[in-house]
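Colleague: next comes the sequence, and after it the predicted model I'd like to discuss.
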Amino acid sequence: MGCPHCGRVHEAPGPDMCVRCGWRLAANVPDTSLQWVWAWFFAGLIAYIPANIYPMLRTQSLGRTSESTILEGVVELLHYGSYSVAIIVFVASIAIPIGKFFAIAYLALSIQRKVRQGVHGRYRLYEVVEFIGRWSMIDVFVVAILAALVQLDFAATINPGIAAISFALSVAFTMLSAQSFNPKTIWAYGDHSKT
Amino acid sequence: MSEHSSSLPDIEGPGQSIWRNLSLVWLVPVFALVVALGIAWQAYSDRGTLIEILFENGAGVTAGETTVRYRDVVIGEVEGVHFSDDLRSVVVSARVENAILPFLDEDARFWVVRPEISAQGVSGLSTVVSGVYIEGAWDSVPGEATNSFEGLENPLFVRPGEEGRRITLNVAPDMQLQGGTPLIFRGIEVGRLEEPRLVGDNMTIQVDAFIEAPHDARISSATRFWDSSGFSIDFGADGLSLDVESLASLVSGGIEFDEVYTNGAEVPDGFRFDIYSSEALARASAFVTDVAGEVPVSVQFDTFTRGLRAGLTVEMDGERVGEVASVTVHSFETDTGTERRHVASLLLDPAAFDALPEGAGPEELYEYLADAVENGLRARLSAEGLITSEFRIELAEVPRADPAAFERDAVPFPRIPAVATERPTMNTTAEGVLERVAALPFERLLTQAIDTMASIEDLAADEELRQVPAEAASLLADARDLIGGEDTQAIPGAAFAAVTDLRDILAELRESGSIEALTSVLAQADTAMGPVSEASERLPDLMANLSALSETAAALEIEALVTSASTVLATADTFLSSEELAAVPPALSTALVELETLLTALSEADVVGSLNSTLASTEAAADELPALVEQTELVLAQIGTLSSAYGTRSVFLTEAMDVLREISTAARSIAQLARTIERNPNALLTGR
């Protein structure tokens, strides 16, 4: 039985705490782990809805106020011919979060339903989700930077909209969701045949 | 595997275990859900209410961009622009804040604010960059909310709910007022006019004006409005003064008002004020009775309508009772076809009719007019002066007028019958003459006259030019020939010679003392007197010639006459001042004295007979002399007339007069002498 924090190996019916670092040791997978995943998952999903409905950016330029949601921003960028930026924004703000939702949902469901599947494939998926999660914040960063930089009063002003906060929350929630995921469960319910 | 199997039933177990194992982390999604729903609900409730505004056109109004503002604060946004079902108007649907919805009752007005440059200034400049917006205005009293409005084409000058007073002004037709024209009270803008409008069969123009509080307290029956055209020029003893009001009122005019007397009474709502054309008129109207309600009547003129125009005074018994509001042409069908007639619409003031009681209204006036028309009251167009073309309409009782009735049902207003205009031709003639006089090129004429005068002066001053007129010159030559003729010149010479002879004879006689000699002397004297008599006979001819000369001269052009007469007189002067002529009277006198002494000595002698014959011839000569005097006087008179006709300032004419007066005096003394001799022949001998 390994300490989840420092990796110290203990005997199977061992102490409750790691002898080296004092981390709580548990032999079996805590039942609450999946609940955490689902809870954060749904919080992220709920936050993701206003993130897409409400405007991300509120741009005031020469007295005109224009608000654009994420998808509108992408369409606008495409319209202006900035395909690469459009693709980046699309991938970071739409494709990745949605993919993450699917991935987490799949992982959680597959574990819950004890679907027998290749353990390595699932673990790799888990790692990808966890790694890529933070990159979804790229849109929030762009908004934050723009809002900080473009405060030229009448000429042009950019303010973050409700969606920016929602989106940031959504990303944070999904990241927490992914982190709540105990990789042990993958192994616990996994199909070890390929190992 | 055992721990797996032990955990699984917990997860998949019945609800009880799920609730028991439920982690607190589920509060997070619940909280997120609550927040999201809260945001959603707030957004939904903040969305506002959709209203529709109908506009004639939707220039610049864009869905999603154009805002709706109230007092320049955004209260909503246009969500859609589309056409009405019949494509007659543009329907702008806008979402406005719910908070202001209760105020959007029937009073609410919307208009599109666009950049506008007018005499009052530049407005809506911010819309150049930000695009147009829809401005709304309404009062501060919540009412029954509606959500469909008619948009205005022009900005509202006076917002609903502003403190102040709305009044109505009558506008004269020639005042070109615009909406937004400022109302000025002692140089301060205190209100604005709205758009003028035509009322009542397009007869009058009215304009609503709004005076902001607290200046609306100035409105009373003593308040007068006048058109301050922006500047006034006053030319008087103080010199030229130019008054310029504000630049805006210079361009678009302004309406000024003031109380022209104190203690004006409160005016009722709906009272219509007149706008006077000048401040002086407005102030003068303080002494005119207030016009409460003017009553319209019409007059149809069948014949002469020259000079008929709006604004003419309507008079009755020499008093003003109203004015012509408009003149229109009405066409109607008759047996002979379509006919057109001038119809003047008059506005009569019932208060101006002496026969009507105080506070009489239209009905009383109409009844009075109906009675008066029965008694011969007619309207007629007459001229206010003989020469001026100021016309007026008179309501007067016309004797022997064709029977006519006051038509109560006439269109457009009850009609007073008209009679033919008085003396139209006279006026037209006078007017025509005046027009022709006015059309004369006075300037050119004056210049020409001045030029002519100058050239005449040059001509008169030029010595050479004086000789120019050939006729005058020849005439002059004739006269000179006549005067300088040998016969004429010979008169003094002959007389002188005769006297000399006489003296010689007398000297001889004194020596000889012979009566025979005396007789012969007397005979010689007789013969000597002959030429004198002859000369005297010729004098009338001379005078006749001179007279003819004068007549010709009178007929001549002035410069020719002046020249010739000048020369003639010069010659005459020379003639008269010639020594020979001057020598005549003294010589004659001496001769006579000598003769007298001689005759005294020889009084006894028998010489009376021959003396008598001599005297007879002298008498004959004297007889001619009065005629000569008359002729001379005639000439004098003629020249005098001439000179008075052509002015007395000429030095030449004065000289001419003097010369002629001398001739006259000379002639008169000759005549006197002759008459004395005639009356008392002894005087020849006695010297008295």
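Modeller: On my side now, so go ahead. Numbers count the residues shown, from 1 in each chain, chains lettered A, B, ... in the order given.

Colleague: what's around the nearest residue in space to residue B:267 that is not next to it in sequence, how many residues?
Modeller: Closest residue in space to residue B:267, ignoring its immediate chain neighbours: residue B:221 at 5.4 Å, by CB to CB, 6 or more residues apart in numbering or on different chains. No exception for glycine: its C-beta is placed from N, CA and C like everyone else's. Applying other CB atoms under 10 Å in any protein chain shown, we find 17 residues neighbouring residue B:221.

Colleague: residue contacts, residue B:221?
Modeller: Residue B:221 makes contacts with B:264-267, B:290, as judged by CB atoms under 8 Å, 6 or more residues apart in numbering or on different chains.

Colleague: for ChimeraX, what selects the buried ones among those?
Modeller: Applied in ChimeraX, the following selects the buried portion of the contacts of residue B:221 according to 16 or more other CB atoms under 10 Å in any protein chain shown:
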select /B:264,267
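
Colleague: widest-spaced pair of the contacts of residue B:221?
Modeller: Comparing every pair within those by CB to CB identifies B:266 and B:290 as the most remote, at 12.9 Å.

Colleague: just to revisit the earlier point, measure the residue nearest to residue B:267 to residue A:143 for me?
Modeller: Between residue B:221 and residue A:143 the distance is 69 Å, computed by CB to CB, to the nearest Å.

Colleague: and for residue B:401?
Modeller: When distances are taken as CB to CB, residue B:401 and residue A:143 turn out to be 95 Å apart.

Colleague: ok, now residue B:61?
Modeller: Using CB to CB, which is the criterion applied here, residue B:61 is 31 Å from residue A:143.

Colleague: which one's more surrounded, the two?
Modeller: Set side by side, residue B:61 and residue A:143 give different neighbour counts by other CB under 10 Å, the larger being at residue A:143 (24 against 21).

Colleague: show me the shaky parts of chain A.
Modeller: Per-residue confidence for chain A (pLDDT under 70) gives these ranges: A:1, A:12-14, A:26-32, A:62-64, A:115-117, A:154, A:186-195.

Colleague: scan it for its longest helix.
Modeller: When every helix of chain A is counted residue by residue (DSSP state H), the longest turns out to be helix A:32-53.

Colleague: so whatever helix or strand comes next after it, near chain B or not?
Modeller: Of the helices and strands lying after helix A:32-53 in sequence (DSSP states H and E), the nearest is strand A:57-61. No: interface with chain B: strand A:57-61 contributes nothing (CB under 8 Å from any CB of the partner chain), its closest point being 9.8 Å away.

Colleague: buried sites along the helix or strand that strand A:57-61 is followed by?
Modeller: Moving toward the C-terminus from strand A:57-61, the next helix or strand (DSSP H and E) is strand A:64-68. By neighbour count, with 16+ other CB under 10 Å as the criterion, the buried positions of strand A:64-68 are A:65, A:67-68.

Colleague: surely residue A:127 is in a strand?
Modeller: No: Residue A:127: not assigned to a strand; according to DSSP: H, G, I helix; E, B strand; the rest coil it is helix.

Colleague: per-domain residue ranges of chain A.
Modeller: In terms of domains, chain A is parsed into A:1-28, A:32-194 (source: automatic domain parsing).

Colleague: deepest in the core, which of those is it.
Modeller: domain A:32-194 (a mean of 18; mean count of other CB atoms under 10 Å in any protein chain shown).

Colleague: tell me the contacts of residue A:160?
Modeller: Counting by CB under 8 Å, 6+ apart, residue A:160 has contacts A:56-58, A:143-144, A:147.

Colleague: pick out the most distant pair among these.
Modeller: Considering CB to CB, no two members of these lie farther apart than A:58 and A:144, which are separated by 13.5 Å.

Colleague: not counting sequence-adjacent ones, nearest residue to residue B:74?
Modeller: Closest residue to residue B:74 apart from its sequence neighbours, by CB to CB, 6+ apart: residue B:67 at 4.6 Å.

Colleague: buried sites along stretch B:401-410?
Modeller: Of all the residues in stretch B:401-410, those buried under the rule 16+ other CB under 10 Å are B:401, B:404, B:406-407, B:410.

Colleague: closest to residue A:163 among those residues?
Modeller: Ranked by distance to residue A:163 (CB to CB), the buried residues of stretch B:401-410 are led by residue B:410 at 76.0 Å.

Colleague: how close does the closest one sit to residue A:143?
Modeller: If you measure residue B:410 against residue A:143 using CB to CB, the figure is 80 Å.

Colleague: now residue B:452
Modeller: Using CB to CB, residue B:452 is found at 98 Å from residue A:143.

Colleague: now residue B:41: phi and psi?
Modeller: Recorded main-chain torsions at residue B:41 are phi -70, psi -40, according to degrees, to the nearest 10.
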